[in-house]
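In: I'd like to go over a predicted model; first the sequence, then the structure.
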Amino acid sequence: MYTQLEQRGMTEPPINVSTLQKMKHAGQPIACITAYDASYAALVDTAGADLVLVGDSLGMVIQGHDTTIPVTVDDIIYHSKTVSRGLRRAFLVADMPFMSYTKPHIALDNAVRLMQEGGAMMVKLEGGDDQVEIVEHLARHDIPVCAHLGLKPQSVHKIGGFKVQGRDPDKAREMLASAKRLQDAGADIVLLECVPNEAGKIIAEALEVPVIGIGAGPDVDGQILVLYDLLGITQGRTPKFVKNFQVGCHSPLAALQAYVSEVKDGSYPGPEHCFS
Ligand code: KIV
């Protein structure tokens, strides 16, 4: 009955939520990368990424917008479908775009579309305590959820720019409390963006579920980067946590393999990629 899912000509079985959970508890870093099409998805998978995210960052790196806000559910479904065709082993997560999870029933309808039409195995949504009810509703319907805390790019106009979050100790404590509530509500992964190392460490230690960081320091359970940032395609100023892995590599695959290997051996992120 599970043949199609489990046998894709791979020596290793496909990653699932329990693999990720086991990796956390075994202290094996989880390497994650965004992807937006089948060709790059296949490269990312071949490079050994454990988790691939069809992020709403596609609004910026694919569509050329200044923010992720214009991205729609149909956009994510289109890209998720293409990515799912390129993957064999990696676990596929799709972003819920801006205003696609304002009410529990709306979130459920859109999450179901991302899974049924887009092929996603988990959905990611931005938010803290305000999203506990939504996460609970999705979890009750067996939809795996990743909760995105710290810098929430969909709130960029509300917070006044892409800024480090949780530097103030009270804010860091609030973030920790929200992360625990989201976990208790059923979140299977917490993603932390742009927070000081200390906040990343405390939250990863306090949670049972894997904590994936992007600009959250070395002491979380895994790392994620936007594909075009790590391949050095993104033009102009990039965030401090970005490392261009294409430098010194002869091909995009070699750059992706270098990223996965540096995440796995703990050499990425280095101190120059971290916030204090
Ligand atoms: O949309 C995205 O690519 C993301 C990453 C920055 C984690 O959410």
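Out: Looks like it arrived, so ask away. Residues are numbered from 1 along each chain as shown.
In: Next SSE downstream of the longest helix seen in the chain?
Out: Ordering each helix of the chain by length in residues (DSSP state H) puts helix 169-185 first. On the C-terminal side of helix 169-185, the closest following helix or strand by DSSP states H and E is strand 189-193.
In: Now do the same for the nearest residue to Lys171 once chain neighbours are set aside: its pLDDT.
Out: Residue nearest to Lys171 in three dimensions, not counting chain neighbours: Gln165, with 6.8 Å by Cβ to Cβ, 6 or more residues apart in numbering. Heads up, the C-betas are built off the backbone N, CA and C, glycines and all. For Gln165, the model assigns a pLDDT of 91.
In: Provide the secondary structure category for Gln165.
Out: Of the three states, Gln165 takes coil under DSSP: H, G, I helix; E, B strand; the rest coil.
In: returning to that earlier point: buried ones in the longest helix of the chain?
Out: Using 16 or more other Cβ atoms under 10 Å as the test for burial, helix 169-185 gives 172, 175-176, 178-183, 185.
In: Is there a neighbour count for the residue of the stretch 1-150 of the chain found nearest the ligand? I'd like the number.
Out: In the stretch 1-150 of the chain, the residue found nearest to the ligand is Gly55; the distance is 2.2 Å by Cβ to the nearest ligand atom. Neighbour count for Gly55, taken as other Cβ atoms under 10 Å: 29.
In: Contacts only, for it.
Out: Counting by Cβ atoms under 8 Å, 6 or more residues apart in numbering, Gly55 makes contact with 34, 68, 95, 124, 226.
In: now Arg167
Out: So Arg167 contacts 196, 275 (Cβ under 8 Å, 6+ apart).
In: Go again with 7 Å.
Out: Residues in contact with Arg167 (Cβ atoms under 7 Å, 6 or more residues apart in numbering) are Pro196.
In: again with Pro153
Out: Shown in contact with Pro153 (Cβ under 7 Å, 6+ apart): 67-68, 162.
In: Got phi/psi on it?
Out: phi -60, psi -30 (degrees, to the nearest 10).
In: Next one: it relative to Ala216, how far apart?
Out: Pro153 sits at a distance of 15 Å from Ala216 (criterion: Cβ to Cβ, to the nearest Å).
In: thinking Ala107 is in contact with Arg140, fair?
Out: No - counting by Cβ atoms under 7 Å, Ala107 stays clear of Arg140, with 11.5 Å between them.
In: between these two, which one's more packed in?
Out: The residue with more neighbours, out of Ala107 and Arg140, is Ala107; 24 against 12, by other Cβ under 10 Å.
In: Would you mind confirming that Gly59 makes contact with Thr72?
Out: No - counting by Cβ under 7 Å, Gly59 stays clear of Thr72, with 9.2 Å between them.
In: Neighbour count: those two, which is higher?
Out: Gly59 (24 against 14).
In: The stretch 1-150 of the chain: helices as residue ranges?
Out: Here the stretch 1-150 of the chain has its helices, by DSSP state H, counting those that start in this stretch, at 3-6, 17-26, 38-46, 58-61, 73-86, 104-116, 132-140.
In: So which of these is the most surrounded?
Out: helix 58-61 (a mean of 22; mean count of other Cβ atoms under 10 Å).
In: Close to the ligand: what parts of the stretch 51-200 of the chain are there?
Out: 53, 55-57, 95, 148, 191, 193 (Cβ under 6 Å from any ligand atom).
In: repeat that for 5 Å
Out: By the rule Cβ under 5 Å from any ligand atom, the part of the stretch 51-200 of the chain lying against the ligand is 55-57.
In: So what sits opposite the spatially most central residue of the chain in the bridge?
Out: With distances taken as Cα atoms, centre = their mean, Leu53 lies nearest the centre of the chain, 5.4 Å away. In this entry, Leu53 is beta-bridged to Thr34, Val93, by DSSP bridges.
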